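> I would like to see how this sequence folds:
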Amino acid sequence: MIDANPEHRQKRKRYRYRIVRLVIDATRETTDTEDVVQDVYMSIVRDLPSFDRVCAPGSWIDRVACRSIRSFLHGKMSKTHPQLHSERHHDSPRRSV
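Take a look at the predicted model:
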């Protein structure tokens, strides 16, 4: 269902701009922007039930976006530099707790 409420449309535009800016600033590439933005939207829909409304919606969306961006960059780095990924996770000294 398409929401005809102009206020909701304006919020979606504002949040989309915010998400796109975060993605471009973090990835430094526009070729991956739409894929990462789509992943952010999917994460928002999936995680919406956990939104506790204690923080502002924009702050929550920023956190969801940052997690999606971090996941994307981690996956991209492990594909382009698998030796770094394996060294970091298998050869690093473990701290005792």
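> CA only for contacts and neighbour counts going forward, please
Noted.
> can you give me the helices in the protein?
In the chain, the segments counted as helices under DSSP state H are 6-27, 33-47, 57-80, 82-90.
> now the ones you listed in TSV, with mean neighbour count and mean pLDDT?
Formatted as TSV, those follow (neighbours: other C-alpha atoms under 10 Å; pLDDT from 0 to 100):
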stretch	mean neighbour count	mean pLDDT
helix 6-27	14	86
helix 33-47	16	91
helix 57-80	16	87
helix 82-90	12	54
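> gap between residue 10 and residue 52?
Computed as C-alpha to C-alpha, to the nearest Å, the residue 10 to residue 52 distance reads 22 Å.
> ugh, wrong one, residue 64
The value you get for residue 64 to residue 52, if C-alpha to C-alpha is used, is 13 Å.
> again, but for residue 63
Taken as C-alpha to C-alpha, the span from residue 63 to residue 52 is 13 Å.
> same thing with residue 71?
Using C-alpha to C-alpha, residue 71 is found at 23 Å from residue 52.
> With residue 35 instead?
When distance is defined by C-alpha to C-alpha, residue 35 is 27 Å away from residue 52.
> With residue 46 instead?
To residue 52, residue 46 is 14 Å away according to C-alpha to C-alpha.
> Quick check: residue 62 touching residue 19?
Yes: counting by C-alpha atoms under 8 Å, residue 19 is a contact partner of residue 62 at 7.2 Å.
> so what's residue 39 up against?
Residues near residue 39 by C-alpha atoms under 8 Å, 6 or more residues apart in numbering: residue 68.
> Torsion angles phi and psi at residue 55?
Note on residue 55: backbone dihedrals following degrees, to the nearest 10 are phi -100, psi 170.
> contacting residues around it?
With C-alpha under 8 Å, 6+ apart as the criterion, no residue contacts residue 55.
> Residue 26 and residue 69 touch, don't they?
Yes: Residue 26 lies in contact with residue 69 (C-alpha under 8 Å); the separation is 7.2 Å.
> how close does residue 39 sit to residue 67?
10 Å.
> Got phi/psi on residue 52?
Main-chain torsions, residue 52, degrees, to the nearest 10: phi -90, psi 0.
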